[in-house]
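A.B. asks: quick one: sequence and predicted model below, then my questions.
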Amino acid sequence: MNPNSTKFLRANLRANAKRFRGKCLIYEMDCNDAKLEDIADTVNLGLLPTSEDGYVAAIKALKKDGGVLHVHETVYLDGETTLDNEAQTLAVGMTIGEQLNDIIHRIKYPMKWQVSLLRAKPVKSYAPHVCHMVYDFFVTPKPPDAKQITRAALLTFASNFARIMAVLAVFGAFVDVRRQKRIDEMKEEIKQRSIERFGEEAYKNFNETVPMRRRTMHVEVEKPGRVA
């Protein structure tokens, strides 16, 4: 860390206390060690001569709905004309955009993302034939296409179908338990009424000598719970 940069950052925050009070938190560490995710609308990568080491941390810090990456870079210019130099700076910006795109699709998978170069602006001369440039990239999730929508719908249906089947299985088991309970209650009621009518000894002899199949065939039920 550069202690001077932190010193002047704190001084700027104090000078603008009314605007930034309670809104700024300084992490005095390597950005790759801060592990900040889904918190930023804009990330400023002000590292020179290149900000490449901070690309991954910056992308992770962007919110899930995207944001702006403010990338500083040094560009070597050897064109004979201003137009040549502009083409070189634009080519560097496109290369950085491709790098960011690859990192985003690796980190933010499975959502598809779009990286757009909004601006390429020279800041100052960094060294002979070297220009300090700043590139603004707008990073945003792509609208889903028909294939993605269909896949999402199928996954949702499959998930809901599995839940419905699980609920039906539980309900079916509950119904089976209630049905068996009712059958057991009817058997017990028939037993009690038979004992009341014929006596316990006669019922026991009947229960031991008559097979279950024949016995149930001779039992007629007029209403649930009543024995004829």
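C.D. replies: Looks like it arrived, so ask away.

A.B. asks: C-alpha from now on. contacts and neighbour counts both.
C.D. replies: Noted.

A.B. asks: what about the longest helix in this protein?
C.D. replies: helix 146-198 (DSSP state H).

A.B. asks: what mean pLDDT does it get?
C.D. replies: Averaged over helix 146-198, pLDDT sits at 72.

A.B. asks: what does stretch 99-117 give?
C.D. replies: Average pLDDT, stretch 99-117: 81.

A.B. asks: can you get me the start-to-end distance on that stretch?
C.D. replies: 12 Å (CA to CA, to the nearest Å).

A.B. asks: the longest strand along the chain pairs with which strands?
C.D. replies: Taking DSSP state E as the criterion, the chain has its longest strand at strand 113-127. Its sheet considered, strand 113-127 pairs with strand 130-141 (antiparallel) by DSSP bridges.

A.B. asks: contacts for the partner strand?
C.D. replies: For strand 130-141, the surrounding residues in contact (CA atoms under 8 Å, 6 or more residues apart in numbering) are 65-77, 89, 93, 97, 111-126.

A.B. asks: go again using 7 Å as the cut-off
C.D. replies: 65-77, 93, 111-126 (CA atoms under 7 Å, 6 or more residues apart in numbering).

A.B. asks: buried ones from those, can you make that a ChimeraX selection?
C.D. replies: Filtering the contacts of strand 130-141 down to the buried ones (16 or more other CA atoms under 10 Å) takes a single ChimeraX command:
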select :66,67,68,69,70,71,72,73,74,75,76,77,93,113,114,115,117,120,122
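
A.B. asks: what about Leu100, how many residues close to it?
C.D. replies: Residues lying near Leu100 (other CA atoms under 10 Å) number 22.

A.B. asks: and the closest residue to it other than its chain neighbours, which of the three is it?
C.D. replies: Leaving aside its sequence neighbours, Leu100 sits nearest to Tyr55 (CA to CA, 6 or more residues apart in numbering; 6.9 Å). Following DSSP: H, G, I helix; E, B strand; the rest coil, we place Tyr55 in the helix state.

A.B. asks: Gly79 in helix, strand or coil?
C.D. replies: Under three-state DSSP, Gly79 falls in the coil class.

A.B. asks: surely it and Thr89 touch.
C.D. replies: No: at 10.5 Å, Gly79 does not count as touching Thr89 under the criterion of CA atoms under 7 Å.

A.B. asks: compare those two (neighbour count), which wins?
C.D. replies: Legend: neighbour count by other CA under 10 Å for Gly79 and Thr89, higher for Thr89 (24 against 13).

A.B. asks: that one and Lys18, how far apart?
C.D. replies: Using CA to CA, Thr89 is found at 38 Å from Lys18.

A.B. asks: same deal with Ile96?
C.D. replies: Noted for Ile96: a distance of 36 Å to Lys18, by CA to CA.
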